[in-house]
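Student: Kindly generate the corresponding structure for this input.
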Amino acid sequence: MPGDKANYPELKITVQGDGTVAAEVPGEEQHDGKIDDNPLLRETLAAFRDWLNQGKLQIERESDLVLLGKLLYQLLFPPTSGVLVKELVFRTLKESRAAKTRMCVQLAFNEAQADLAGLPWEFLYDSASSSFFATNIDLVLTRFVACNGKRMAVGSNEPPLRLLIVVSKPSDLKSVAAEDVIKAIQSFANDNPGRIVLDDPLINKNFLEVQARLEDKDNQPHLMHFIGHGRYNKAKRQGELALLQMDSTQADWVDQIRFKRLFTDSGCNPRLLFLQLCEGAVVEEAELIASFEGLAPTIVSAGIQAVVAMQFPIKNVHAGKISTKFYDELAKGKSVGEAVQAARRMVLTYNPLASGTPVLYMYGYDGPIVSALAAPPRPSADRTPTNPSGGGPDSPDVARPSAEPPAPTAAPPRPVPNAGSPIARDKLLDAGARKIESMNLEAKEVMSLNHSMYISIGSELEGKSLLEMKQVLAQRCRDESDPGLRDVLQEMSAAAERLM
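Tutor: Alright, predicted model coming up:
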């Protein structure tokens, strides 16, 4: 059930209306920060944002995104101000890493700073740890949504969870190719029988038809995944999503107030709403993220505890990988934030640009949506064999105590994960990342090792069974001349051995 406590510590960084930057942890606050007012820096970041929204920025290497991440860092933590804010932020992060405690970093923006909120903060880069905030294994990065009412944790539900996909492709807008994403989610549901119930998708429905589906009290979804078009209406200053008109197949642009009514009028409050623009969706005026900055607070105020939104159009292959990883982590009992962070980290090895696409908006405390899988019961060690014939103690059918202890039976062999196990691969990469963090290297060396591990080694492990991954790592250890990378490979090999 929902609670009123955080699962792990929170660090809140807020940009006030006047550009002041404040940092807050339980028991301590600092307010001496100030957004960098360099106009060239802001124009450069705005250009990055527009290129990302329009799909004009082609980046294939993680290192190429570091520049963008460092520019965002300079904007938020300029060298000329915020000494106390920066000291609190990075002391807190350092202490969290030392204690091996996950930290939730919340970014919050006053509504007067809408332009800043529209920047791709999921690429914020920390040179001290040589990692992006959004993919750091020790962090969960969220956008904090200020709302009225008491903060609550995202509630757990006993499985099965109902998942509803809504796809909207109005005839007067560009096509939305959602088939691959739907197949990926269907595959995930098929792999988790009894835990995920995937209802028939709602495809090309109008407002009332979607509302009628949500009013079905016996089948209201716990999770809802929308695939379609979004835009920002400058005149209304509101985000909008496209459903179909009542009497035609053309777009009915549903603003955030009407979209909220879908849930309030139907009495349906999903734990999670996933808003996704896939390849082929239209972005009007390069302001997709602005639409979500308006939509997300309104949706959260309707009682939906978490909103995941894609801030840029994304290729179907990457959208499918993100969705599958996200829902897989939820089914294992991970929190919403942990699932988003894991999905970002996973897709980083395929397409670094896609790793900064998912944005998590929350007001409540991060937490799991579904309880973790229970461990299978173990047979009792002192179970007395039964006599099916009902004989007494002298019956030959009754097992008698032996004077000698029975010979130990061999333990059953541990199952080796199937070929193409992405979970095992992620665990090995996580072990390598922790090893790199413990090596006290210079930032450039850390960046080089991370790049080699995620890009070179990660691609070699793709699609292989755990046994095959172990063999690849052993061979790489024998061939590797760089002592640092060899240490990382040895740690990953040891992790593979523990998983066997």
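
Student: Could I get the phi/psi values of residue 238?
Tutor: phi -140, psi 150 (degrees, to the nearest 10).

Student: got the contact list for stretch 330-342?
Tutor: 7, 102, 104, 134-137, 139-142, 154, 159, 188, 192, 195-196, 223, 272, 306, 308, 325-327, 329, 358, 360, 362, 366-373, 426 (C-beta atoms under 8 Å, 6 or more residues apart in numbering). Glycine gets a C-beta too; all of them are placed from N, C-alpha and C.

Student: Also stretch 315-325?
Tutor: Counting by C-beta under 8 Å, 6+ apart, 177-181, 183-185, 187-188, 225, 274, 276, 278-279, 310, 314, 339, 342-344, 346-347, 350-351, 354, 357-358, 422 sit against stretch 315-325.

Student: picking that back up, make a PyMOL selection of whichever of the contacts of stretch 330-342 turn out to be buried.
Tutor: Of those, the buried ones go into a single PyMOL selection, burial set by 16 or more other C-beta atoms under 10 Å:
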select buried, resi 7+102+104+134+135+136+137+139+140+141+142+154+159+188+192+195+196+223+272+306+308+325+326+327+329+358+360+362+366+367+368+369+370+426
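
Student: Now intersect the contacts of stretch 330-342 with the helices, please.
Tutor: 188, 325-327, 329, 426 (DSSP state H).

Student: if we can go back for a sec, so which of the contacts of stretch 330-342 belong to strands?
Tutor: 104, 139-142, 196, 223, 272, 306, 308, 358, 360, 362 (DSSP state E).

Student: picking up where we left off before, list only those of the contacts of stretch 315-325 flagged as buried.
Tutor: Judged by 16+ other C-beta under 10 Å, buried ones among these: 177-178, 180-181, 184-185, 188, 225, 274, 276, 278-279, 310, 314, 339, 342-344, 346-347, 350-351, 354, 357-358, 422.

Student: pLDDT weak spots in the stretch 101-250 of the chain?
Tutor: Along the stretch 101-250 of the chain, the model assigns pLDDT under 70 to residues 149, 155-157.

Student: just the chain next, same as before
Tutor: Ranges of the chain meeting pLDDT under 70: 1-6, 149, 155-157, 278-294, 371-423, 442-444, 446-448, 450-451, 454-455, 459.

Student: Surely residue 169 is in contact with residue 201?
Tutor: No - assessed by C-beta atoms under 8 Å, residue 169 is found out of contact with residue 201, at 11.6 Å.

Student: The two: which is more packed in?
Tutor: residue 169 (21 against 17; other C-beta atoms under 10 Å).

Student: Could you check how far the more buried one is from residue 275?
Tutor: 15 Å (C-beta to C-beta, to the nearest Å).

Student: Please apply the same query to residue 175.
Tutor: Counting by C-beta to C-beta, the gap from residue 175 to residue 275 is 18 Å.

Student: neighbour-wise, which of those two wins?
Tutor: residue 275 (25 against 13).

Student: wait, what's in contact with that one?
Tutor: 226, 230, 241, 292, 295, 307-310.

Student: Which parts of the stretch 101-250 of the chain are strands?
Tutor: Here the stretch 101-250 of the chain has its strands, by DSSP state E, counting those that start in this stretch, at 103-109, 125-126, 131-132, 139-144, 161-167, 196-198, 202-203, 223-227, 230-233, 238-244.

Student: Tabulate those (a markdown table), appending distance to residue 72.
Tutor: Converted to a markdown table, those look like this (distance: least, C-beta to C-beta, whole Å):
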| stretch | distance to residue 72 |
| --- | --- |
| strand 103-109 | 10 |
| strand 125-126 | 7 |
| strand 131-132 | 10 |
| strand 139-144 | 12 |
| strand 161-167 | 32 |
| strand 196-198 | 36 |
| strand 202-203 | 37 |
| strand 223-227 | 28 |
| strand 230-233 | 21 |
| strand 238-244 | 22 |
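
Student: how about those strands, which one is nearest residue 439?
Tutor: Proximity to residue 439, assessed across these by C-beta to C-beta, is greatest for strand 131-132 (13.8 Å).

Student: Please name the bridge partners of residue 106.
Tutor: residue 12, residue 142 (DSSP bridges).

Student: wait, doesn't it sit right on residue 11?
Tutor: Yes - using C-beta under 8 Å, residue 106 is in contact with residue 11, at 7.0 Å.

Student: before we move on, back to that, give me the subset of the buried ones among the contacts of stretch 315-325 that lies in helices.
Tutor: 180-181, 184-185, 188, 339, 342-344, 346-347, 354, 422.

Student: hmm, back to that, now distance to residue 54 too, for the contacts of residue 275, in JSON lines please.
Tutor: Shown next, in JSON lines, are these (distance: C-beta to C-beta, whole Å):
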{"residue": "226", "distance to residue 54": "22"}
{"residue": "230", "distance to residue 54": "14"}
{"residue": "241", "distance to residue 54": "19"}
{"residue": "292", "distance to residue 54": "16"}
{"residue": "295", "distance to residue 54": "20"}
{"residue": "307", "distance to residue 54": "23"}
{"residue": "308", "distance to residue 54": "22"}
{"residue": "309", "distance to residue 54": "18"}
{"residue": "310", "distance to residue 54": "15"}
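
Student: Which of the strands of the stretch 101-250 of the chain sits closest to residue 71?
Tutor: strand 125-126 (8.8 Å).

Student: which helices and strands does the closest one pack with?
Tutor: helix 62-76, strand 131-132 (3 or more C-beta pairs under 8 Å, 6 or more residues apart in numbering; DSSP states H and E).

Student: Run through who's touching the longest one.
Tutor: Helix 62-76 has contacts (C-beta under 8 Å, 6+ apart) with 13, 15, 21, 33, 35-36, 41-42, 44-45, 48, 59, 116, 119-121, 123-127, 132, 348, 352-353, 356, 447, 450-451, 454-455.

Student: Just want the angle from the following helix or strand past it to helix 62-76.
Tutor: Remark: after helix 62-76, the chain's next helix or strand is helix 83-98, criterion DSSP states H and E. Here helix 83-98 points in a direction 140 degrees away from that of helix 62-76 (axes from the mean of the first three to the mean of the last three C-alpha atoms, to 10 degrees).

Student: buried sites along helix 83-98?
Tutor: By neighbour count on 16+ other C-beta under 10 Å, the buried set for helix 83-98 is 85-86, 88-89, 92-93, 96-97.

Student: now that helix and strand 139-144, what's the angle there?
Tutor: Using the same axes, to 10 degrees: helix 83-98 against strand 139-144 is 130 degrees.

Student: ok, residue 424 - contacts?
Tutor: With C-beta under 8 Å, 6+ apart, residue 424 has these contacts: 417, 466, 469, 496, 499.

Student: For residue 469, see how far away it is.
Tutor: 7 Å.

Student: Could you do residue 228 as well?
Tutor: From residue 228 to residue 469 the distance is 38 Å (C-beta to C-beta).

Student: Counting neighbours, go ahead and name the busier of these two.
Tutor: residue 469 (26 against 23).
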